[in-house]
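Enquirer: got a sequence here, can you build the structure:
(chains A and B)
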There are 2 protein chains.
Amino acid sequence: MCPHPGRTCERKTLSDTSTLIATLNYFHPLSEGVQEFLKKHAYRTSFLKGDLLLAAGQVCEHIYFIKKGSVRGFIKEGDKDITTWITAENELVTSIYGLSKKRPALENMQALEDCEMLTLTLADLENLYLQFPEFNIVTRKLLERYYQDAEGRAFIARLTNAENKYTQFLAKYGHLSNRIPLKYIASFLGMTLETLSRVRKRLSSKRA
Amino acid sequence: MCPHPGRTCERKTLSDTSTLIATLNYFHPLSEGVQEFLKKHAYRTSFLKGDLLLAAGQVCEHIYFIKKGSVRGFIKEGDKDITTWITAENELVTSIYGLSKKRPALENMQALEDCEMLTLTLADLENLYLQFPEFNIVTRKLLERYYQDAEGRAFIARLTNAENKYTQFLAKYGHLSNRIPLKYIASFLGMTLETLSRVRKRLSSKRA
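Expert: This next block holds a predicted model:
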């Protein structure tokens, strides 16, 4: 049964796994068995702009590979909506907190644009580890990369100088800076929209 | 050659790996081969309170298992010293940013107390992956746990309400709250020492 009622889920879409396989291959060569498993079990899911992939407190049952679109993580503190990460094509998203432990997610995940995903259930992910022990090498390397990215995000979040924060953001997320609404970038950087606008104006006049 | 001149490094301390092995076994059973490798290659290193295990900008060549003591990560922004994580016995520390990539560390690592470590070079860690592919399962599970911890830290850092932040800190780091100087806890929580003291007083009067 499709786990996303109202969304387009298609199982067994053989041709669609090529970018996922190419991305994983970059970390470690995938065996034929793993590639066949992914072709058989990864299925397409689509989300519309604004849709929640997951609400905080829910247990995430899936890992998504973004084929098209962008996604953010965010937390709520009272009325405040605080963006914690932003990502786009060729990246994986899931609730890290629930990964392998089935714990309720700390964060919400929301589509920032219409999205097309390749989806794998976490049960299938566990089967991948069991049936193809070498997939642990792929995931060990993937987790190193994602953990390093998380360190980079934490580094930016910890800085207090607004211009410094935005410069670091551009170095890492420059490709998204004109695609993501400024209010989410401001929130990700822990500053007001007004401060971000001032910083952007100051930096562009420096460059001119 | 000892990589830490002036510190006590002892190679081949067979009896010292038991807590490391027990800790790793908790994630995934270690094969005899992995256990023998660790006994042969992990060596003791000691640091004095205040010592830097690593300075930001250096490439970290080691991963440390804390047998005794506590360690913090911190970044510098101008004159500001911002604590990014705090950890203690039975945990591993290294530069995540340099792991498998030999990139300069974003953060400094400092002993908060006199520390005894079991140290493994990253070259030996790579050999572990190559010689014992099942060690990738151990590390995949370890990285999931550490990445989840990083998410938890980021969650606390993103909150803006001081009492909320300190309550979350106590839930996760209660065992360290009377052991770590308050100035580092305040800095970790992104608040002044005065604010932290006020929050602690308010919470303890609520409990009384």
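Enquirer: give me the domain ranges for chain A.
Expert: Under the assignment automatic domain parsing, the domains of chain A span A:14-139, A:159-208.
Enquirer: report the separation between A:Gln168 and A:Ile137.
Expert: 31 Å (Cβ to Cβ, to the nearest Å). C-beta coordinates here come from the backbone N, C-alpha and C atoms, glycine included.
Enquirer: I meant to write A:Met109 there.
Expert: Note on A:Met109: its distance to A:Ile137, by Cβ to Cβ, is 27 Å.
Enquirer: neighbour count: these two, which is higher?
Expert: A:Met109 (25 against 21; other Cβ atoms under 10 Å in any protein chain shown).
Enquirer: wait, is the more buried one part of a strand?
Expert: Yes - residue state for A:Met109 (DSSP: H, G, I helix; E, B strand; the rest coil) corresponds to a strand.
Enquirer: count of residues packed around the residue lying closest to it once chain neighbours are set aside?
Expert: Leaving aside its chain neighbours, A:Met109 sits nearest to A:Leu53 (4.1 Å; criterion: Cβ to Cβ, 6 or more residues apart in numbering or on different chains). Residues near A:Leu53, counting by other Cβ under 10 Å, number 24.
Enquirer: and what of A:Ala111?
Expert: For A:Ala111, the neighbour count with other Cβ under 10 Å is 20.
Enquirer: quick check: bridge partners of it?
Expert: Beta-bridge pairing for A:Ala111 (DSSP bridges): A:Val71.
Enquirer: I'd say it and A:Lys49 touch.
Expert: Yes - counting by Cβ atoms under 8 Å, A:Ala111 touches A:Lys49, with 5.8 Å between them.
Enquirer: the longest helix seen in chain A to helix B:135-158, inter-axis angle?
Expert: If you go by DSSP state H, chain A has its longest helix at helix A:135-158. Relative orientation of helix A:135-158 versus helix B:135-158 (axes from the mean of the first three to the mean of the last three Cα atoms, to 10 degrees): 20 degrees.
Enquirer: hmm, who's touching the very next helix or strand once past helix A:135-158?
Expert: Sequence-wise, the next helix or strand downstream of helix A:135-158 (DSSP states H and E) is helix A:162-173. Applying Cβ atoms under 8 Å, 6 or more residues apart in numbering or on different chains, the contact partners of helix A:162-173 are A:86, A:152, A:155-156, A:159, A:177, A:185, A:188-191, A:195-196, A:198-200, A:202-203, B:77.
Enquirer: quick one: buried ones out of these?
Expert: Applying 16 or more other Cβ atoms under 10 Å in any protein chain shown to the contacts of helix A:162-173, the neighbour count classes A:86, A:152, A:155-156, A:159, A:185, A:188-191, A:195-196, A:199-200 as buried.
Enquirer: which of these come close to chain B?
Expert: Near chain B, judged by Cβ under 8 Å from any Cβ of the partner chain, the entries from the buried ones among the contacts of helix A:162-173 are A:Gly152, A:Phe155, A:Leu159, A:Gly190.
Enquirer: in TSV: the residues you listed, plus pLDDT and distance to A:Tyr146.
Expert: TSV is the format used below for these (pLDDT from 0 to 100; distance: Cβ to Cβ, whole Å):
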residue	pLDDT	distance to A:Tyr146
A:Gly152	91	10
A:Phe155	91	15
A:Leu159	92	21
A:Gly190	93	21
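Enquirer: closest one of those residues to B:Leu122?
Expert: The closest of these to B:Leu122 turns out to be A:Gly152 (Cβ to Cβ; 19.5 Å).
Enquirer: on the pLDDT front, check the nearest residue to A:Cys60 once chain neighbours are set aside for me.
Expert: Nearest residue to A:Cys60 in three dimensions, chain neighbours excluded: A:Ser95, at 3.6 Å (Cβ to Cβ, 6+ apart). As predicted, A:Ser95 sits at a pLDDT of 94.
Enquirer: was I right about A:Ser95 contacting A:Leu53?
Expert: No - using Cβ under 8 Å, A:Ser95 is not in contact with A:Leu53; the gap is 9.3 Å.
Enquirer: what's the overlap in contacts for these two?
Expert: Joint contacts of A:Ser95 and A:Leu53 (Cβ under 8 Å, 6+ apart) are A:Met109.
Enquirer: for the residue nearest to A:Met109, give me its contacts.
Expert: Contact analysis of A:Leu53 by Cβ under 8 Å, 6+ apart lists A:Phe47, A:Tyr64, A:Val71, A:Val93, A:Met109, A:Gln110, A:Ala111.
Enquirer: do you know how far it is from chain B?
Expert: Counting by Cβ to the nearest Cβ, to the nearest Å, the gap between A:Leu53 and chain B amounts to 16 Å.
Enquirer: look at that residue and tell me its secondary structure.
Expert: strand.
Enquirer: likewise A:Ser100?
Expert: Three-state call for A:Ser100 (three-state DSSP): coil.
Enquirer: that one and B:Lys141 touch, don't they?
Expert: Yes - with contact defined as Cβ under 8 Å, A:Ser100 reaches B:Lys141; the gap is 7.0 Å.
Enquirer: ok, the two, which is more surrounded?
Expert: The residue with more neighbours, out of A:Ser100 and B:Lys141, is B:Lys141; 20 against 15, by other Cβ under 10 Å.
Enquirer: so the residue nearest to the more buried one when sequence neighbours are not counted versus chain A, what's the distance?
Expert: Closest residue to B:Lys141 apart from its sequence neighbours, by Cβ to Cβ, 6+ apart: B:Phe27 at 4.3 Å. B:Phe27 sits 10 Å away from chain A, going by Cβ to the nearest Cβ.
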